[in-house]
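> Need the 3D shape of this:
(2 chains, ligands or ions: 4)
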Number of protein chains: 2
Amino acid sequence: PAVGLGVRCRSSMAAIGGGDKEQEKKQAVGGGGCSVKDDKGIVSYWGLDPTKVCKEDGSPWKWTCFRPWDTYQADLSINLKKHHAPVTVLDKMAYWTVKSLRWPTDLFFQVYFLLYFVLRTYACNMITILYMFYVLVQRRYGCRAMMLETVAAVPGMVGGMLLHCKSLRRFEHSGGWIKALLEEAENERMHLMTFMEVSDPRWYERALVFAVQGVFFNAYFLGYIISPKFAHRVVGYLEEEAIHSYTEFLKELDNGNIENVPAPPIAIDYWRLPPNSTLRDVVLAVRADEAHHRDVNHFASDIHYQGRQLKEAPAPLGYH
Amino acid sequence: PAVGLGVRCRSSMAAIGGGDKEQEKKQAVGGGGCSVKDDKGIVSYWGLDPTKVCKEDGSPWKWTCFRPWDTYQADLSINLKKHHAPVTVLDKMAYWTVKSLRWPTDLFFQVYFLLYFVLRTYACNMITILYMFYVLVQRRYGCRAMMLETVAAVPGMVGGMLLHCKSLRRFEHSGGWIKALLEEAENERMHLMTFMEVSDPRWYERALVFAVQGVFFNAYFLGYIISPKFAHRVVGYLEEEAIHSYTEFLKELDNGNIENVPAPPIAIDYWRLPPNSTLRDVVLAVRADEAHHRDVNHFASDIHYQGRQLKEAPAPLGYH
Ligand SMILES: [Fe+2]
Ligand SMILES: [Fe+2]
Ligand SMILES: [Fe+2]
Ligand SMILES: [Fe+2]
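Residues are numbered from 1 along each chain as shown, chains lettered A, B, ... in the order given. Ligands and ions are numbered 1, 2, ... in the order given. This next block holds a predicted model:
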């Protein structure tokens, strides 16, 4: 309850042996030339004790890629219908960039035809790769969600990195936006880590992700340098599409076309779901996250539209 | 005390009106097309309430670029003398890369001579720019510290970003290293934000930072792709130098060559220093941070030296 307010709460989880840990650290660090061996067998003079943490119920925390204080309850009450009506030319460009990647493929293409088609035109341009990516991932919803998340985690990282460098260069505060965007990237990466558990990527899907990441990273990097206004708007619309996709996913789950398997343990820990949760609960949490990203990115674009800089408006931190 | 154990504690700070906030958010989000106006006057349909937080004593939190839960007490007990003796060729290359940027300049050059020298060879190579940077910042310790921090915040961000992209591409967990490196970058940025308060960069120093960041970012980016082992080792040695520099800074403070001004408010909040702290306390905290970065980076390099990947050893999170 209290922990779901957007302020994630560290206090509800206990660090094992707080007092001991400091002592251990001192021994390890002050021990001169001795080698320190950690659990995984990495022997090093610099070997640092991994911080030992446990869950609320006292059982050890089994994830190293995120910690109890990174977990939160998704705000499922968020309005899923909000939409930024494109008004300016730039808005419309952003909108159609996203749309054009979606709808024709919904109508025209079948997966294996396209795969064949694209392999024939292998030295192909960016649009073709993105198309191919899009259509391929139409095939299986679980896998589709997973692959889209590999792309979704890029903009936050690129934006955060560029703002970080700008903050350093200009000796300026960031207003919290660096952190907000990096949090978004981390959140998207956790989506991926979750869907990985319920879907197994095939070799050509891995190859596709590789190609698409290369193209998209550079395109977004350039786009963000040229016009952060446009870049955030594009992401806003992408998130609107993501909400739509997850709504479809939910329908398939309710129809029984996709099996409503138990939620993977990582998702239960990350979103603090009850132990008997299912894939449906996970998708609901993920969809709420996407709605939050939509808000943050449209908001960021709006700030730029008003001729201001992001740092002038405090970033919505911890707003998943 | 408890908060200084490396596990940073959110519970000691209160969020104003937890219950109200959720309601406010619902109103704002569910309000359809109404505009929401925030404190800074950014009007937007997407306007998100900045999270309202306050300090332990109930006064409002005045920083937007970091939050109470990002603060910590520096572990001043860390061993400052640890050093990785370079053994392999790669180690020695890393060591001399760092050293060669340091000592000749200590002996031979005077600042304005060099400035003249470098401006003459303006379309100069990377080494010259780094030299110039190094020598210029010799001049004033406060300013020097500040400028070095603009560079110091780059490797963590680059490493974190590359690991993030790798994690996405390979559908792999990161073992917490993405976060650890991004935390390092953020910590370094906070060093910069602190020294900015006690020193005012001149126009040519800003220009220099601009050039050096461009060169260093790309060099480190490439270096990290080619050999993370080497890259982390270089940072380890850079941090050893940073410890040395801050030790010199402390000597100058104790000699009275640099005035021991009161600590800037941002530093008092960030490192949870007592209200009457001085610049000396800040430098002590910063030096302890650098020692932690040294450990983390040498450790990371050691992991690679053992032919393993970072994700196999849990990252030391929250280890400033
Ligand atoms: Fe996502
Ligand atoms: Fe998203
Ligand atoms: Fe630093
Ligand atoms: Fe450092």
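> Quick check: which helices or strands does the strand or helix carrying A:D254 pack against?
Using DSSP states H and E, A:D254 maps to helix A:228-255. In this structure, helix A:228-255 makes packing contacts with helix A:89-100, helix A:141-170, helix A:203-226, helix A:279-305, judged by 3 or more CB pairs under 8 Å, 6 or more residues apart in numbering or on different chains; DSSP states H and E. For the C-beta atoms, the positions are set from N, CA and C on the backbone; glycine is no exception.
> Please see if the first one touches ligand 2.
No. Contact between helix A:89-100 and ligand 2 is absent, the nearest approach being 12.6 Å (criterion: CB under 5 Å from the ion).
> which parts of that helix are buried?
For helix A:89-100, the neighbour count (16 or more other CB atoms under 10 Å in any protein chain shown) marks A:L90, A:D91, A:A94, A:Y95, A:T97, A:V98 as buried.
> which of those come close to chain B?
Counting by CB under 8 Å from any CB of the partner chain, nothing from these sits close to chain B.
> before we move on, back to that, using CSV, please lay out the helices and strands packed on helix A:228-255 together with distance to ligand 3 and mean pLDDT.
Below are the helices and strands packed on helix A:228-255 laid out as CSV (distance: least, CB to the ion, whole Å; pLDDT from 0 to 100):
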stretch, distance to ligand 3, mean pLDDT
helix A:89-100, 38, 78
helix A:141-170, 11, 86
helix A:203-226, 26, 85
helix A:279-305, 28, 91
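> so which of those gets nearest ligand 1?
Checking those against ligand 1 by CB to the ion gives helix A:141-170 as the closest, at 4.5 Å.
> which helices and strands sit right next to the closest one?
Going by 3+ CB pairs under 8 Å, 6+ apart, helix A:141-170 lies up against helix A:126-136, helix A:177-198, helix A:203-226, helix A:228-255, helix A:279-305, helix B:141-170, helix B:177-198, helix B:203-226.
> Between these, which one is closest to B:I268.
Among the helices and strands packed on helix A:141-170, the nearest to B:I268 by CB to CB is helix B:177-198 (9.8 Å).
> now for the closest one, which elements pack on it?
Counting contacts by 3+ CB pairs under 8 Å, 6+ apart, helix B:177-198 packs against helix A:141-170, helix A:177-198, helix B:141-170, helix B:265-270, helix B:279-305.
> In TSV: those, plus distance to ligand 2 and mean neighbour count.
What follows is the helices and strands packed on helix B:177-198, written out as TSV (distance: least, CB to the ion, whole Å; neighbours: other CB atoms under 10 Å in any protein chain shown):
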stretch	distance to ligand 2	mean neighbour count
helix A:141-170	5	23
helix A:177-198	5	24
helix B:141-170	13	23
helix B:265-270	30	20
helix B:279-305	30	24
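> The ones you listed into TSV, with extra columns for distance to ligand 4?
TSV is the format used below for the helices and strands packed on helix B:177-198 (distance: least, CB to the ion, whole Å):
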stretch	distance to ligand 4
helix A:141-170	13
helix A:177-198	17
helix B:141-170	5
helix B:265-270	15
helix B:279-305	4
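> Tell me which of the ones you listed lies nearest to B:P68.
Closest approach to B:P68 among these (CB to CB): helix B:265-270, 8.1 Å.
> quick one: is the closest one near ligand 3?
No. Figure legend: helix B:265-270 not in contact with ligand 3 (CB under 5 Å from the ion); closest approach 12.4 Å.
> residues making contact with that helix?
Here helix B:265-270 makes contact (CB atoms under 8 Å, 6 or more residues apart in numbering or on different chains) with B:55, B:62-63, B:66, B:70-71, B:190, B:193-194, B:197, B:273-275, B:277, B:282, B:285.
> of all the residues you listed, which comes closest to chain A?
In terms of CB to the nearest CB, no member of these lies closer to chain A than B:M193, at 6.3 Å.
> wait, the closest one sits on B:T64?
No. In terms of CB atoms under 8 Å, B:M193 does not count as a neighbour of B:T64; the distance is 11.5 Å.
> which residues are common contacts for the two?
A:H173.
> which one of the contacts of helix B:265-270 is nearest B:R169?
B:D70 (29.3 Å).
> And for that closest one, the neighbour number?
18 (other CB atoms under 10 Å in any protein chain shown).
> Show the model's pLDDT score for it.
What the model reports for B:D70 is a pLDDT of 77.
> hmm, back to that, adding distance to B:H232, write the helices and strands packed on helix A:141-170 out as CSV.
Output for these, formatted as CSV (distance: least, CB to CB, whole Å):
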stretch, distance to B:H232
helix A:126-136, 33
helix A:177-198, 20
helix A:203-226, 22
helix A:228-255, 31
helix A:279-305, 32
helix B:141-170, 8
helix B:177-198, 9
helix B:203-226, 8
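> Switch those helices over to a markdown table; also include distance to ligand 1.
Below are the helices and strands packed on helix A:141-170 laid out as a markdown table (distance: least, CB to the ion, whole Å):
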| stretch | distance to ligand 1 |
| --- | --- |
| helix A:126-136 | 16 |
| helix A:177-198 | 4 |
| helix A:203-226 | 14 |
| helix A:228-255 | 6 |
| helix A:279-305 | 5 |
| helix B:141-170 | 11 |
| helix B:177-198 | 16 |
| helix B:203-226 | 26 |
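> related to what we said a few turns ago, could you provide the helices and strands packed on helix A:228-255 in TSV, with additional columns for distance to A:Y246?
Below are the helices and strands packed on helix A:228-255 laid out as TSV (distance: least, CB to CB, whole Å):
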stretch	distance to A:Y246
helix A:89-100	16
helix A:141-170	7
helix A:203-226	19
helix A:279-305	4
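> Out of these, which is closest to B:G256?
Across the helices and strands packed on helix A:228-255, closest to B:G256 is helix A:141-170 (CB to CB), at 31.1 Å.
> so A:V158 touches A:Y220, yeah?
Yes. Between A:V158 and A:Y220 a contact is recorded at 5.1 Å, counting by CB under 8 Å.
> buried ones in the helix holding A:D254?
Applying 16+ other CB under 10 Å to helix A:228-255 flags A:228-243, A:245-246, A:249-250, A:253 as buried.
> how far off helix A:89-100 does that helix point, in degrees?
Going by axes from the mean of the first three to the mean of the last three CA atoms, to 10 degrees, helix A:228-255 is angled at 30 degrees with respect to helix A:89-100.
> Helix A:228-255 versus helix A:203-226: what angle between them?
Put simply, helix A:228-255 runs at 150 degrees to helix A:203-226, going by the same axes, to 10 degrees.
> show me the contacts for the nearest residue in space to A:V286 that is not next to it in sequence.
Counting by CB to CB, 6 or more residues apart in numbering or on different chains, A:V286 lies nearest to A:H191, which is 5.5 Å off, once chain neighbours are set aside. Contact analysis of A:H191 by CB under 8 Å, 6+ apart lists A:A145, A:E149, A:A152, A:A153, A:V286, A:D289.
> A:G214: which of those is nearest?
Using CB to CB, those come closest to A:G214 at A:A153, 14.3 Å.
> how about the nearest residue to the closest one, chain neighbours excluded?
A:E188 (3.7 Å).
> same question, A:R189
A:A153 (4.8 Å).
> measure the one you found to A:R233 for me?
19 Å (CB to CB, to the nearest Å).
> cool, A:G223 as well?
For A:G223, the distance to A:R233 - CB to CB - is 10 Å.
> In this structure the residue nearest to A:A153 contacts A:E149, no?
Yes. A:E188 sits in contact with A:E149 when judged by CB under 8 Å, with a separation of 5.8 Å.
> Report the set of residues contacting both of those two.
By CB under 8 Å, 6+ apart, no residue touches both A:E188 and A:E149.
> burial count for A:G256?
8.
> For it, give me the backbone phi and psi.
phi 90, psi 10 (degrees, to the nearest 10).
> just A:P262 next, same as before
phi -60, psi 150.
> so who does it touch?
By CB under 8 Å, 6+ apart, the neighbours of A:P262 are A:N276, A:S277, A:T278, A:L279.
> Which among the helices and strands packed on helix A:228-255 is found nearest to B:V296?
helix A:141-170 (18.2 Å).
> if we can go back for a sec, next one: the residue nearest to A:V286 from ligand 3, what distance?
Applying CB to the ion, to the nearest Å, the value for A:H191 to ligand 3 is 33 Å.
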